[in-house]
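# The amino acid sequence is not available; the structure is as follows:
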């Protein structure tokens, strides 16, 4: 089983096995179907695709059931639609930072700031990275180590085709006690499917130890989090997160 197959929620996979029978070919390959499913970012978007897979069969092939997208969505409603990878939660910062840079080069994600790219290069060497705390609050320049659990979820979102934009790690201007300044927070672009990915990681065992997860407006069927628990943020905090997703983490040892 390849990595793409591992991403599919097992009951959904079982139904696909019934549709894609080797001796009864349909008008699109199983592999292509799975690629489309994952690239669309999950079952909710697949349902919106409507008749995407209709009219594809060639001569001698049976058609894909016209209601398959909606049917798969119904199956997925009973549980997580994609079993998300957790292996990054066991990796260390230098390896993860290297992967983020590599994904940026391969356009699987985008690093929006040259400063944060430089910071990731430092982190990939096991070095502390600069913050801009002193720019806003005075004092001497400060440095911190990036927490590996900050980077892992960004790679997960990239792996399922969501192409997140990494906006800020330790720079960009934040509140005085922000977890950004201790290497435990990341801001990414306002992409509801990326938020759903982060939220599902929390639902699927929270191996990346979520502290805060904030977006505005909040996508249907999800919640914002604080200290790893559902939380309704103040109007001012919600207003400040209309342009991006904020996610922070705890240490592995608490």
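All right, it came through fine. All figures in this text were calculated on a predicted structure; none of them were measured in a lab. Numbers count the residues shown, from 1 in each chain.
# residues touching the nearest residue to residue 98 once chain neighbours are set aside, list them.
Among residues not flanking residue 98 along the chain, residue 124 sits closest, at 4.5 Å (C-beta to C-beta, 6 or more residues apart in numbering). Glycine gets a C-beta too; all of them are placed from N, C-alpha and C. Under the criterion of C-beta atoms under 8 Å, 6 or more residues apart in numbering, the neighbours of residue 124 are 94, 97-98, 101.
# mind listing the helices for the chain?
With DSSP state H as the definition, the chain shows helices at residue ranges 3-6, 10-19, 30-39, 43-48, 68-76, 93-105, 114-124, 133-137, 148-159, 192-203, 235-239.
# Go through those and find the least confident stretch.
When those are ranked by mean pLDDT, helix 43-48 comes last with a mean of 41.
# rewinding a little: want to try JSON lines for the contacts of residue 124, with distance to residue 248 and neighbour count as columns?
As requested, the contacts of residue 124 are exported to JSON lines (distance: C-beta to C-beta, whole Å; neighbours: other C-beta atoms under 10 Å):
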{"residue": "94", "distance to residue 248": "21", "neighbour count": "16"}
{"residue": "97", "distance to residue 248": "17", "neighbour count": "24"}
{"residue": "98", "distance to residue 248": "22", "neighbour count": "15"}
{"residue": "101", "distance to residue 248": "22", "neighbour count": "17"}
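# tell me the two of these that are most distant?
Considering C-beta to C-beta, no two members of the contacts of residue 124 lie farther apart than 94 and 101, which are separated by 10.9 Å.
# got the domain boundaries for the chain?
Per automatic domain parsing, the structural domains of the chain span 3-76, 87-249.
# Point out the most buried one among those.
Between those, domain 87-249 has the highest mean count of neighbours, a mean of 18, where neighbours are mean count of other C-beta atoms under 10 Å.
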